[in-house]
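Participant: here is a sequence with its predicted model. Questions after.
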Amino acid sequence: MNGTLRMSMQPVGYFQYQPNGSNLPTTLPEFRYLNASRPIQWVGGKLPLAEPVCGFYGEQCIYKTDWKLVAIVSFVSIVIIVIILFALKHYRYEQKLACLLWKIDMKDVTIIPTETTESTTRNKSMVRSFSLMLDTCFLFSLCVS
């Protein structure tokens, strides 16, 4: 054990009030060793500090800002925000496309003449007005898929 005692919870002393001539003890008791040749063995070989180096709440230490960490966190945050914005834009574009799937272009419609010319002209105007009405309704409403 090279001259040192093992660490253990052995009693090494006690506190005693010193009489001051009256029946009232002094405000603080005094520490007395049980055996003066056997003092307290402190961890690390010295008495612990009464207060931590930085204080109990860290108020006595000045911490430097780690600018590398701030830059990395800022960059990653901006990248994530840009990715979210692009994903949102793509989602909205796909929703608009989904709303347009039911539409048919007039150039894709082939009208087969089976009636008189007068009724065909009337049907074409009905189709145009119906198409215009649907376009107007689409502009003023939301498409929900």
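Facilitator: Great, that's in hand.
Participant: ok, and the closest non-adjacent residue to residue 43?
Facilitator: With sequence-adjacent residues excluded and distances taken as C-beta to C-beta, 6 or more residues apart in numbering, residue 43 is closest to residue 7, at 7.1 Å. Backbone N, C-alpha and C define where each C-beta goes, glycine included.
Participant: how many residues are close by the one you found?
Facilitator: Burial measure for residue 7: 9 neighbouring residues, criterion other C-beta atoms under 10 Å.
Participant: just residue 102 next, same as before
Facilitator: Residues within reach of residue 102, counting by other C-beta under 10 Å, total 9.
Participant: so it sits in a helix?
Facilitator: No. Residue 102: not assigned to a helix; according to DSSP: H, G, I helix; E, B strand; the rest coil it is coil.
Participant: quick one: it from residue 96, how far?
Facilitator: 13 Å (C-beta to C-beta, to the nearest Å).
Participant: same question, residue 105
Facilitator: Applying C-beta to C-beta to residue 105 and residue 96 gives a distance of 16 Å.
Participant: of these two, give the one with the bigger neighbour count.
Facilitator: Each of residue 105 and residue 96 had its neighbours counted (other C-beta under 10 Å), and the higher figure belongs to residue 96 (10 against 7).
Participant: look up how far residue 89 lies from the more buried one.
Facilitator: 11 Å.
Participant: residues contacting residue 30?
Facilitator: Contacts for residue 30 were tallied using C-beta atoms under 8 Å, 6 or more residues apart in numbering; they are 15-18.
Participant: repeat the analysis, applying 6 Å as the threshold.
Facilitator: 16, 18 (C-beta atoms under 6 Å, 6 or more residues apart in numbering).
Participant: for it, name its beta-bridge partners.
Facilitator: Note on residue 30: beta-bridge partners by DSSP bridges are residue 16.
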